[in-house]
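[1] Following is a predicted model, sequence given first.
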2 protein chains.
Amino acid sequence: MDAKHQRQIIIASNRGPVQFEVGPGGEVVTRRGSGGLVTALSDTLSASGGLWIASAMTDEDRRQAAAGRVDVVSEDLKYGLRYLSFESDVYDRYYNGITNRVLWFLHHYLWDTARTPVFDLDTYRSWDAFRDVNQAFAEALAEEGGHLGGSPAYLVQDYQLSLVPDMLRRLNRDAAIVHFSHIPFAGPRYIRMMPEVMRLELFEGLLGADVLGFHSDTWAQNFLLGCRSIPGAAVDPRRRAIRWRDRTVRVGVYPIAIDARGLKEETKRPEVRAARRALTRWREDSRVIVRVDRTDLSKNIIRGFLAFEEMIREHPEWRRRVRFLALLNPSRQDMEEYQIYTDDCVEAVQRVNRELGAPGWQPIELFLREDYPNTLAAYEQYDVMVVNPVYDGMNLVAKEGPALNRRGGVLILSENAGAFHELGRYALGVNPFDIHQTAEAMWRALEMGEDERVRRARGLRAAVRRNTPDRWVSAQLADLARIRPVTD
Amino acid sequence: MDAKHQRQIIIASNRGPVQFEVGPGGEVVTRRGSGGLVTALSDTLSASGGLWIASAMTDEDRRQAAAGRVDVVSEDLKYGLRYLSFESDVYDRYYNGITNRVLWFLHHYLWDTARTPVFDLDTYRSWDAFRDVNQAFAEALAEEGGHLGGSPAYLVQDYQLSLVPDMLRRLNRDAAIVHFSHIPFAGPRYIRMMPEVMRLELFEGLLGADVLGFHSDTWAQNFLLGCRSIPGAAVDPRRRAIRWRDRTVRVGVYPIAIDARGLKEETKRPEVRAARRALTRWREDSRVIVRVDRTDLSKNIIRGFLAFEEMIREHPEWRRRVRFLALLNPSRQDMEEYQIYTDDCVEAVQRVNRELGAPGWQPIELFLREDYPNTLAAYEQYDVMVVNPVYDGMNLVAKEGPALNRRGGVLILSENAGAFHELGRYALGVNPFDIHQTAEAMWRALEMGEDERVRRARGLRAAVRRNTPDRWVSAQLADLARIRPVTD
């Protein structure tokens, strides 16, 4: 990173980069969070020597929060950390009431419109809690920025903190603020399902930033189109800029990268070797179609099974010669919608296996648990990987798989995943609602000649490696520096 | 209608203006269809002396179809009629497979995205049937146009016949074609849930017309925005025009009108007088909130009950002083989604009545049957009418109610109903997903002073009467004449 970007950094995110837990012997244990966000930001923060502010999520987090700012030193990381603690009712309304139940569904187009969303008085109360939590973040950021001196770069992460930029700007008019949305952004019509007051607050909140980052041009354009309905916002879609309250807000596209080298290192662990052996035994001589997902409603798991079913029915020559391995990590099982969805996934597998299976051939193998070694082994071993989310901000599985795959595996990729912009030309693109097209893509992938498979797999690997986590952050900071040059 | 519009007219619609049925004594009975479309077009057609082409929907229709063109002379109508007969499997795929299950859900944003839509091989086959039926209509239109001689104006009605304009144009390059969409048109992102081939075919089909009519500017803009993704279409959103294959396609907004005088006549029937008396007895001295709807998923019936519930809970002074009368007409009960939705409506009523009711006061009274006299009586008698569809092309209830109401009744109207553009300023507008806002609107309507109620009711009545069915048709024909001047 060159000198002009040298601001100190303060990151805010709902979930912190590490969590504190009490170990079996009563000792405090640090658990590093997973996910692309933490990986990409931790290094930058270690290098710049700044601070990370997050919500306290475990009891031990809350004890640490009470102690104020903590210095975290783990393996390869070293930076300050401050946890914000909230009343459990307030946090529940903020997190489950709004971020998981409203904003996640909104931006992923997940509503069952005849019945959901329901914006009743209770939702309005949850919105108040959402506002309070965002305000607490903004105040902590302003305060910590004051302690640091100078003018830090605030990197505010994701949709949970959408209101923070404007709140922070009210506390510090000249703050240098980037907000990054790691999920999709709803289209201009769909977002109008929100009550107007909430929608205006959401846009105003984000427009407090200097730079608004998205993973793909589609989400950036959706945001820009949505701004057209905000009184006082002058939108220039080609320059991806909005004139707002005598400032220019820049909308940028910064696709997040994975740490391909770090991932490769992980595969050397003995658990992965064991998983690899088990997988090789299980597959026998059949081809393997893999999917790896949280059981999120946005991941489109059921349609993936339906497509596999149609493919087998229409191309019966592939019976007994291909297996579908579904590695599903249960997600948000405290929400009824997610429990039902997970059950529906299991039922779909059971039905397909019952109707299509034969002695010695179970069409779909489902693992319903978090199993990272097995995931890495599956990445290496797939012949076809299906990543067909209905909508997805980026989707890192689409990058991790090709980075590790050793068999010239074919990627079937939803056009509605952010990753499609970088990887689409090497993948078989599908409309995720189009089961017939997905089935045909599976068949085409299975029938594809060695040359084409290898050429595409190479293209995918190169595209994944071309981008790095450091570049993702430094591009945001460079754009920030253009709007707010570092003078001090 | 002035001379320059004097073309003969050929109308195409899926459902014809009358249906033939065999009466109890074996005689053929003509049943006039209901709905705004038939009312608005029948007079025009009678005057111009043209022809109406529709699908045969009853067995007797099919017998009439076999006989070729029929002259229909009923009470006040006189025109030619031709029914097209289809194999029942083809018609079922066209009608239930595509128009009801795909296009209706698409344009009303009704999908439960994690699970529906499912575009599998079977849907593709249904799309073929949809194409075949549209082709049969196009061929019949071209043939009948040839018989008539000259250059008739083709008025193609609604989303079921979206492919007809382009098909007809291929048969007759210089045909004068209007297509009218009586339902909403999906936004540019949402419509991309369709498989690309179907989406392109849909837009190309419509773009075969000279004039494309919608009930409101929102749907017109959605169509224009959607055209931007169609290769070869040059969109001018301000002029509402598209340059397409060396022609100009004009997108027009023609809000459909009701025949207020005819409706008023209907209220003189003895059944309506009886219903009026029964309603007066039932209401006692309480205020009455009314809703009148088909049990369609787009009508947002459940959220209306939830809003009423919240209103009563938050404003308990209205307990025992207000009753909610829901007149629901069962719709599409051959579709499972609709059966479930109807059941859910009933359950919501039962729950609210159980939880909030008191001796002598049942909060919600539900009638689940077609009952036109009762509907007309309810229109006259409501203090508040709730029309809160999630999306609705126009919604004629929002016009019929104010046209007949005698109590200075307040209209609560969804911003997503086409009627909102004409009536919104006199109604209490609501975001249909915002139950809290809807509850507050109910409360405000109940508390509203006499002056304001009367002023708004007058404004509504005047706005409804200002527009006439004849104007709706003649505006389309005038725009058509500008693009294709009548020279013969």
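    It's in.

[2] ok, now which ones touch A:H108?
    By C-beta atoms under 8 Å, 6 or more residues apart in numbering or on different chains, the residues touching A:H108 are A:183-184, A:297-298, A:390-392, B:113. Using the backbone N, CA and C atoms, a C-beta is placed for each residue, glycine as well.

[3] do A:I191 as well
    Contacts of A:I191 by C-beta under 8 Å, 6+ apart are A:106, A:199, A:222, A:226.

[4] Which ones among those lie within helices?
    A:106, A:199, A:222, A:226 (DSSP state H).

[5] Count residues in the vicinity of the last one, would you?
    Using other C-beta atoms under 10 Å in any protein chain shown, A:G226 is surrounded by 23 other residues.

[6] longest helix of chain A?
    Per DSSP H, chain A has its longest helix at helix A:121-148.

[7] mean confidence for that one?
    With pLDDT averaged residue by residue, helix A:121-148 scores 97.

[8] Next: stretch A:452-470.
    pLDDT averaged over stretch A:452-470 gives 95.

[9] Separate out the buried members of the contacts of A:H108.
    For those, a burial check counting by 16 or more other C-beta atoms under 10 Å in any protein chain shown picks out A:183-184, A:297-298, A:390-392, B:113.

[10] in the strand or helix carrying A:S42, what counts as buried?
    Using DSSP states H and E, A:S42 falls within helix A:36-48. Within helix A:36-48, the residues that count as buried by 16+ other C-beta under 10 Å are A:36-46, A:48.

[11] Dump the C-alpha coordinates for that helix into PDB.
    Provided in PDB are the C-alpha atoms of helix A:36-48 (Å, rounded to 0.1, in the frame of the first residue of the first chain):
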ATOM      1  CA  GLY A  36     -14.200 -13.600   3.900                       C
ATOM      2  CA  LEU A  37     -14.700 -10.300   5.700                       C
ATOM      3  CA  VAL A  38     -12.500 -11.200   8.700                       C
ATOM      4  CA  THR A  39      -9.800 -12.800   6.500                       C
ATOM      5  CA  ALA A  40      -9.600  -9.800   4.200                       C
ATOM      6  CA  LEU A  41      -9.600  -7.100   6.900                       C
ATOM      7  CA  SER A  42      -7.500  -8.700   9.600                       C
ATOM      8  CA  ASP A  43      -4.200  -8.300   7.800                       C
ATOM      9  CA  THR A  44      -4.800  -4.700   6.800                       C
ATOM     10  CA  LEU A  45      -5.700  -3.800  10.300                       C
ATOM     11  CA  SER A  46      -2.600  -5.600  11.800                       C
ATOM     12  CA  ALA A  47      -0.500  -3.600   9.300                       C
ATOM     13  CA  SER A  48      -2.100  -0.200   9.900                       C
END
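
[12] wait, what's in contact with whatever residue of the stretch 251-400 of chain A ends up closest to chain B?
    Across the stretch 251-400 of chain A, no residue is closer to chain B than A:L297, which sits at 4.0 Å (C-beta to the nearest C-beta). Applying C-beta under 8 Å, 6+ apart to A:L297 gives the contacts A:105, A:108, A:110, A:337-338, A:341, A:390, B:113-114.

[13] Cool, thanks, signing off.
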